[in-house]
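In: Quick one: sequence plus predicted model below, questions after.
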Amino acid sequence: MTPLEIVSTVRTLLDSGHEWYAPLDFMEQQIDNAQRVLIAKAHAKGDERCLRPLYVFEEDRIIDNTTAEFQLNTLMFFPRNLIVKTVDNNGNNKFVTLSYLEPAKFENYNMIFTNQPYLLPGANYPKYGYWSYVNRTDANNILRTIIQIKNNTGMQNLLASILYIRYPVVFSVANNIGLEVPLEYHFEVACFAAERINTMDVTEQQRGLYVPIESGQRIPLQNAGGSND
């Protein structure tokens, strides 16, 4: 669906009385958030069909010799795989698949084991290696994803190839930027967005799971078709 079709779909799903406080910019934000929620659910369930358009592969990225870091071209949403390429004393390429650690664990690990190099020239094929990431702003105050590997590799001029899932481009009607998940997921995103708007600005008695008896049980839009996901 086009951006305008997505917005129109969300508006048709809004409860009576909710349309007036959902201007276009607010609607765009809710749709963008709903798409990210859907991507996170797809990642948790291993739904590769939904994630496929968001995969990015960056090859032969230069790792800084001092910081053991490099910057991605786009903002990473979920990590996948990282391979480091080295050259031994005979000029042969050696490829090492590093294991991902959550940032907090990686930081703790790096502080403890920085004096144990694992890619020394002439060493046997390394049996371990770890990487993580951090999001921080650059000199232009733009948020970037920085990939970090174990500090003390004992090697210079390392190259990295990385596979990851990026954040979708921000949804915008004015810029004609639509949803990036496959077409069959568009209506589900619209349902997520409408559900978020429908549950806003309620009275205190309507918060939580309370439903007036006379109104019948409320069915969330995600389950309107019978799905329990």
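Out: In hand now; what should we look at?

In: Mind jotting down where the strands sit in the chain?
Out: 55-62, 69-71, 76-87, 93-100, 130-137, 143-149, 159-166 (DSSP state E).

In: In TSV: those strands, plus mean pLDDT and distance to Asn175.
Out: For glycine as for every other residue, the C-beta is placed from the backbone atoms N, C-alpha and C. Putting the strands of the chain into TSV (pLDDT from 0 to 100; distance: least, Cβ to Cβ, whole Å) gives the following:
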stretch	mean pLDDT	distance to Asn175
strand 55-62	94	21
strand 69-71	92	25
strand 76-87	90	20
strand 93-100	82	33
strand 130-137	90	23
strand 143-149	92	19
strand 159-166	95	18
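
In: Columns distance to Gly178 on top of those, output as JSON lines?
Out: As requested, these are arranged in JSON lines below (distance: least, Cβ to Cβ, whole Å):
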{"stretch": "strand 55-62", "distance to Gly178": "18"}
{"stretch": "strand 69-71", "distance to Gly178": "28"}
{"stretch": "strand 76-87", "distance to Gly178": "18"}
{"stretch": "strand 93-100", "distance to Gly178": "31"}
{"stretch": "strand 130-137", "distance to Gly178": "25"}
{"stretch": "strand 143-149", "distance to Gly178": "23"}
{"stretch": "strand 159-166", "distance to Gly178": "16"}
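
In: Out of the ones you listed, which gets nearest to Pro3?
Out: Between Pro3 and these, the shortest separation by Cβ to Cβ is 19.4 Å, and it involves strand 159-166.
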